[in-house]
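[1] Sequence and predicted structure below; questions after.
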Amino acid sequence: MIKTDKKGICFKKKSKFAPIVKPHKLQHNMALEITDANFDEIVLQEKEKPVIVDFWAEWCGPCRMVGPIVQEIGQEYEGKVVVGKLDVDSNPGVSVKFGIRNIPTILFFKNGEVVDKQVGAVPKQILVNKLEALM
């Protein structure tokens, strides 16, 4: 069962009838599609630019609100920041490694280390302020 709390955070109640979600192809965007297979190369090995990773799922309503904001940030900071999206249903390894239990969750990395985190749907300016603090 899928639930959303008052803060716009999605979480999945464990159920044997949980929906099966197919991987979502990102279209028309400036965000990279990050997976369990390419996470280390794209995120952890990046030493020159800050990295933002949006942990999301297709079934999550608040994720759909945050997604376009992440895309805008990717366009506005192109060349200065690495912006990526990771589908938690298709890539459970990274999600478990970083303890992602609620989505949307956005992790901010610098030199391969998590330096900030935002859980839930928030206005664009909050994410931009966190990003600017890393630059």
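    Structure's in. What do you need? What you are looking at is a predicted structure, and each value in this text was computed from that prediction instead of being measured.

[2] So which residues of this protein form helices?
    39, 61-76, 92-97, 124-134 (DSSP state H).

[3] what distance separates the second one from the centre of its chain?
    Helix 61-76 sits 9 Å away from the centroid of its parent chain (CA atoms, centre = their mean, to the nearest Å).

[4] just to revisit the earlier point, I'd like the helices of the chain as a markdown table, with mean pLDDT, distance to residue 110 and mean neighbour count appended.
    Where you see a C-beta, it was placed from the backbone N, CA and C, and this is true even at glycine. Converted to a markdown table, those look like this (pLDDT from 0 to 100; distance: least, CB to CB, whole Å; neighbours: other CB atoms under 10 Å):
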| stretch | mean pLDDT | distance to residue 110 | mean neighbour count |
| --- | --- | --- | --- |
| helix 39 | 95 | 16 | 19 |
| helix 61-76 | 94 | 16 | 18 |
| helix 92-97 | 96 | 17 | 14 |
| helix 124-134 | 95 | 5 | 14 |
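
[5] what would those helices look like in a markdown table with distance to residue 106?
    Output for these, formatted as a markdown table (distance: least, CB to CB, whole Å):
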| stretch | distance to residue 106 |
| --- | --- |
| helix 39 | 15 |
| helix 61-76 | 7 |
| helix 92-97 | 13 |
| helix 124-134 | 7 |
